[in-house]
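>>> Fold the stuff below for me.
(2 chains)
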Amino acid sequence: MGRARKVFFRRRKVCKFCADKIDYIDYKDVKLLQQFIPERSKILPRRISGTCANHQRPLQQAIKRARHLALIPFTTD
Amino acid sequence: MRTYELMFVVDPRVSDEDVVTMTQEYRNMITSGGSTITAEENWGRRKLAYTINKLNEGKYVLFYVSSENGKTTLPEVEHRMRQNEKILRYLTVRTDEDLKRAARRQPAAGTTPAPTGEETAPAAETGPNQEEV
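Have a look, this model is predicted:
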């Protein structure tokens, strides 16, 4: 029932930090941050990851801090 | 009260003992400035995500500092680290405001990173040990 024409459903994206109730995004948590840096080591945009704006900001900060300390790469060569 | 995290990366060719004396020096600098070190972590040898000064590894040390009146010697410590060639990277982060904000958003569960002074002792590397600056 309902939508017969639109066959595919887009999965609703939820902010990982809201869902997991992570409020302090630690730059030392490499495992967590790595989920937001794909192959080219760029920061995954909100549009893709679904992270809310309130969490994307500290996430971005954390990634940049971790990069400075060489915990995660700036880029992959 | 202000809390800080000070993390730095030491040249892996520096022996573990020298890293200890080095951290001791910085520890003294911090505590003599009136702040306390609440916890300390030694991550030991760790692979760097990218090459720094043609090195692919580094030894990570982390201080959790807390200061009652907001006065610290951290700028001086940073200054010393900048001059020390054996320190590849350092980063000081003020954490109290962010942690407070996180605690407010989540009053019950404490997901704040528990600073435990865990000691990792990797195999001692014997390299050209040099005096600290």
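>>> The longest strand seen in chain B vs chain A: in contact?
Longest strand in chain B by number of residues (criterion: DSSP state E): strand B:36-52. Yes - interface with chain A: strand B:36-52 contributes B:48, B:49, B:50, B:52 (C-beta under 8 Å from any C-beta of the partner chain). In this view, the C-beta of every residue, glycine as well, is placed from N, C-alpha and C.
>>> residue ranges of the helices in chain B, please?
Taking DSSP state H as the criterion, chain B carries its helices at B:16-32, B:74-83, B:96-105.
>>> Of all these, which one is nearest chain A?
Closest approach to chain A among these is made by helix B:96-105 (3.4 Å; C-beta to the nearest C-beta).
>>> mind checking pLDDT for the residue of chain A found nearest chain B?
As assessed by C-beta to the nearest C-beta, chain B sits closest to residue A:23 within chain A, at 3.4 Å. We have a pLDDT of 85 for residue A:23.
>>> Hmm, it is touching residue B:100, no?
No - taking contacts as C-beta atoms under 8 Å, residue A:23 lies outside contact range of residue B:100: 10.4 Å.
>>> out of everything not next to it in sequence, what's closest to residue 73?
Because you didn't say which chain, this covers chain A. residue B:49 (4.1 Å; C-beta to C-beta, 6 or more residues apart in numbering or on different chains).
>>> My question was about chain B, not that one.
In space, and not counting its chain neighbours, residue B:73 is closest to residue B:33: 2.9 Å by C-beta to C-beta, 6+ apart.
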